[in-house]
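Visitor: this is a predicted model, with the sequence first.
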Number of protein chains: 2
Amino acid sequence: MTEQQPVGALPRPTLESVAERAGVSRATASRVVNGGEGVRESLRAKVQQAVDELGYVPNLAARTLVTRRNGAVAVVVAEPESRLFSDPFFAQHLRGISRELSAADNQMVLLLVEDQHDYERVGRYLAGGHVDGALLFSLHHSDPLPEMARRVGLRTVIGGRPGWPGAEADRDLLYVDSDNRGGARLAVQHLRSLGRARIATITGPLDQTSSIDRLDGYRDLLPDGDPELIAEGDFTADGGGRAMARLLARRPTLDAVFAASDAMASGALRVLREHGRRVPEDVAMVGFDDVESIAAWTDPPLTTVRQDIEEMGRLMARLLLRRLAGTGGPGPTSIIIPTTLVRRASA
Amino acid sequence: MTEQQPVGALPRPTLESVAERAGVSRATASRVVNGGEGVRESLRAKVQQAVDELGYVPNLAARTLVTRRNGAVAVVVAEPESRLFSDPFFAQHLRGISRELSAADNQMVLLLVEDQHDYERVGRYLAGGHVDGALLFSLHHSDPLPEMARRVGLRTVIGGRPGWPGAEADRDLLYVDSDNRGGARLAVQHLRSLGRARIATITGPLDQTSSIDRLDGYRDLLPDGDPELIAEGDFTADGGGRAMARLLARRPTLDAVFAASDAMASGALRVLREHGRRVPEDVAMVGFDDVESIAAWTDPPLTTVRQDIEEMGRLMARLLLRRLAGTGGPGPTSIIIPTTLVRRASA
DNA sequence: GGGTTTTTTGAGAGCGCTCCCAATTACTGC
DNA sequence: GCAGTAATTGGGAGCGCTCTCAAAAAACCC
């Protein structure tokens, strides 16, 4: 517990020392450091010089203590074990968020939630007022975090459409999502334009809104579709393969598949191959996500629906920052990001 | 700039209010909150009850201001554009770090560095004393961050063996790395045990120590190897494919390839297929990393060298925490994590 | 040039917490 | 029961900063 001072670490200069060196009061030095409004140029320059010479950096803790602003935002990821750690989604999200936050000189505190104990820890942290706002990810239906955040008055933006009852109507609940439903329609439309008539789909876990929305998009275009052409997967390649096998058993004559993720599509492709089906000649395949490292490297390369994950992260951060600024104007509203079809060889 | 107080956000309870409610002094309340040593049980319970009833959470800023400890660690990732965002490495690293840090009740502040401007921003942040230590990732040879960190007396652990001159000798420079060299040896040894005689390798970019070490491992077992059997890639699938094509042009009779990453191996597999080579019959392939989403889903599934990325993250965090604790005993030393061979179908 | 207004500056309080030190209380042993 | 010692407790200073408010200085007006 002994705070072992690293060798050679000089005591950091304080505002006081800057002020003294510049021959002004602490208050004036503070003004200069925070923008310099209403300070005569001559003094401003003198203070600035002192800052440079001393290498002064404001002590954030002291500043936070009085302003009650942290200049930091929590990014909470509650996705135990799932595809987070096999897809590069996560990194792209973070990059988008990072870019937007750092442009506004905000820090990103990353909190990963895995088990019940973590929920408590994170809840405590969020309640602790250590961050000005939170970006919440990958919530299950009964996730307690949004309610927690609301209770402690923490401003929040959610990644992905929240699925619990009433969420949609809650104007206070900001979220950013890809246009999953529209993307699914793009995929099915494309398959239809290729003349495919028996189009199956492999869905994600149907307790997630993204899966539901993609299935809804599929149904939009195939309202009277054969329910036996729908199989539930779990967003993993393995699960996609198993779902594909079920579909083949039930409807051997299917001629196209829309898989709700690239990973599932890659598993499905493998199963099709094992069953002697040629892609795209016998069965056309469209994926979802456009994860470069999967879609571009399947055999054949995967036609898929692209969602701009990084943009999603960026917009989440921007929404939160705007909410934090609270400029009194009309509050920001949730955002749906368009998806596009990327044609490769599988359909 | 007007701090818009969220509706219903009560002023947070302070230590003062806890003390008052429990009928003790602020000092005693503080003791209880921080472990309760030397406080009579009866009082301790009373304070604890007040804490619970009020939902008191210590104000970190105030605490930091006096203790000069932040309870936060920076994770700096300086890997512009590279495989960070296609491989799931990043997420695994972070998970390892997160697990270790949160067990010690430390937060993780994530800083992504992309351009020159970011370096300044991050440098300023690290100098600002906002974190107790830093975990540095993916440094290029001339990366200024370690030196920056040292200058401001920030304790640091590096991910991956640092490559600049003198780094090895610097006892103050802690790092954690996989046993890249040993892993490469495992791969080549395995290929040899299969009776392969003309073993090529596709390296990563040779300005990174991980690439160099893997190549060194290859050379350890093939000291008199044909230099034309070595081609440099860039850790991407595309680059791996191109390197493979070069190798085939130069040495058409090669019968095995050790690729220094799974992504490169997947690109190489595709090129082999295009050239009519069967894997593993004509050419055996071993990758490196064991990225599940790649290695398990290539055709054929990839035999590869597994490195435990999450463990690496965990150990980095542990090393840093130990260094921060500075218990006076012998300082921690750098760690090399063993690698293992995972046999699948490609070799 | 005197009065008035406006702009610039500084003094001082206080954010919530820890920790030193002195005061108090609780135990010893005889 | 009392001195002596040990264990608890509380008072108060102070971490570095912002921000209000009043004083000082500069600018303006007739």
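Guide: Good, I have the coordinates.
Visitor: run through the residues of the stretch 1-150 of chain A sitting next to DNA strand D.
Guide: Contacts of the stretch 1-150 of chain A with DNA strand D, taken as Cβ under 7 Å from any atom of the strand, map to A:11-12, A:14-16, A:26-27, A:30, A:33-34, A:56, A:58-59, A:62-63, A:65-67. C-beta coordinates here come from the backbone N, C-alpha and C atoms, glycine included.
Visitor: among the residues you listed, name the ones in helices.
Guide: Among these, DSSP state H puts A:15-16, A:26-27, A:30, A:33, A:62-63, A:65-67 in helices.
Visitor: can you pull out the strands in the stretch 1-150 of chain A?
Guide: Secondary structure of the stretch 1-150 of chain A (DSSP state E, counting those that start in this stretch): strands at A:72-77, A:107-112, A:133-137.
Visitor: make CSV out of these and add mean neighbour count, distance to residue A:323 and mean pLDDT.
Guide: Shown next, in CSV, are those (neighbours: other Cβ atoms under 10 Å in any protein chain shown; distance: least, Cβ to Cβ, whole Å; pLDDT from 0 to 100):
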stretch, mean neighbour count, distance to residue A:323, mean pLDDT
strand A:72-77, 25, 11, 94
strand A:107-112, 22, 16, 93
strand A:133-137, 25, 7, 93
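Visitor: between the lengthiest helix in chain A and strand A:72-77, what angle do the directions make?
Guide: Scanning chain A for the helix with the most residues, using DSSP H, yields helix A:309-325. Computed by axes from the mean of the first three to the mean of the last three Cα atoms, to 10 degrees, the angle separating helix A:309-325 from strand A:72-77 equals 140 degrees.
Visitor: how far off centre is helix A:309-325?
Guide: Relative to the chain's own centre, helix A:309-325 is displaced by 10 Å; criterion: Cα atoms, centre = their mean, to the nearest Å.
Visitor: SS state for residue A:176?
Guide: Here residue A:176 is recorded as strand under DSSP: H, G, I helix; E, B strand; the rest coil.
Visitor: in terms of helices and strands, where is the closest residue to residue A:229 other than its chain neighbours?
Guide: With Cβ to Cβ, 6 or more residues apart in numbering or on different chains as the criterion, residue A:229 has its nearest non-adjacent residue at 4.1 Å, and that residue is residue A:200. Using DSSP states H and E, residue A:200 sits in strand A:199-203.
Visitor: what packs against that strand?
Guide: Packed against strand A:199-203 by the contact rule (3 or more Cβ pairs under 8 Å, 6 or more residues apart in numbering or on different chains; DSSP states H and E) you find helix A:180-193, helix A:209-221, strand A:230-232, helix A:237-250, strand A:256-259, helix A:262-274.
Visitor: now the angle from that strand to helix A:180-193?
Guide: Comparing the axes of strand A:199-203 and helix A:180-193 via the same axes, to 10 degrees yields an angle of 150 degrees.
Visitor: tell me how far strand A:199-203 lies from the chain's centre.
Guide: 25 Å.
Visitor: can I get that strand as PDB, trimmed to CA atoms?
Guide: Taking C-alpha atoms only, strand A:199-203 is exported to PDB below (Å, rounded to 0.1, in the frame of the first residue of the first chain):
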ATOM      1  CA  ILE A 199     -35.600 -19.000 -50.100                       C
ATOM      2  CA  ALA A 200     -34.700 -20.200 -46.600                       C
ATOM      3  CA  THR A 201     -33.400 -18.200 -43.800                       C
ATOM      4  CA  ILE A 202     -31.100 -18.900 -40.800                       C
ATOM      5  CA  THR A 203     -32.000 -16.500 -38.100                       C
END
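Visitor: ok, and what's touching that strand?
Guide: A:188, A:191-192, A:211, A:214-215, A:218, A:222, A:225, A:229-233, A:240, A:243-244, A:247, A:251, A:254-260, A:264-265, A:268 (Cβ atoms under 8 Å, 6 or more residues apart in numbering or on different chains).
Visitor: let's see it at 7 Å
Guide: Here strand A:199-203 makes contact (Cβ atoms under 7 Å, 6 or more residues apart in numbering or on different chains) with A:188, A:191, A:211, A:214-215, A:218, A:222, A:229-233, A:240, A:243-244, A:247, A:251, A:254, A:256-260, A:264, A:268.
Visitor: buried stuff in the least confident helix or strand in chain A by mean pLDDT?
Guide: Least confident helix or strand of chain A, by mean pLDDT, DSSP states H and E, is helix A:292-295 with a mean of 82. Residues A:292-295 are the ones in helix A:292-295 that count as buried (16 or more other Cβ atoms under 10 Å in any protein chain shown).
Visitor: now stretch A:298-314
Guide: Here stretch A:298-314 shows A:298-299, A:301-314 as buried, counting by 16+ other Cβ under 10 Å.
Visitor: how about stretch A:37-54?
Guide: Buried, per 16+ other Cβ under 10 Å, within stretch A:37-54: A:39, A:43-44, A:46-48, A:50-51.
Visitor: so how do I select the buried members of the ones in helices among the residues of the stretch 1-150 of chain A next to DNA strand D in PyMOL?
Guide: Only the buried members of those end up in this PyMOL selection, burial being decided by 16+ other Cβ under 10 Å:
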select buried, chain A and resi 15+30+33+63+65
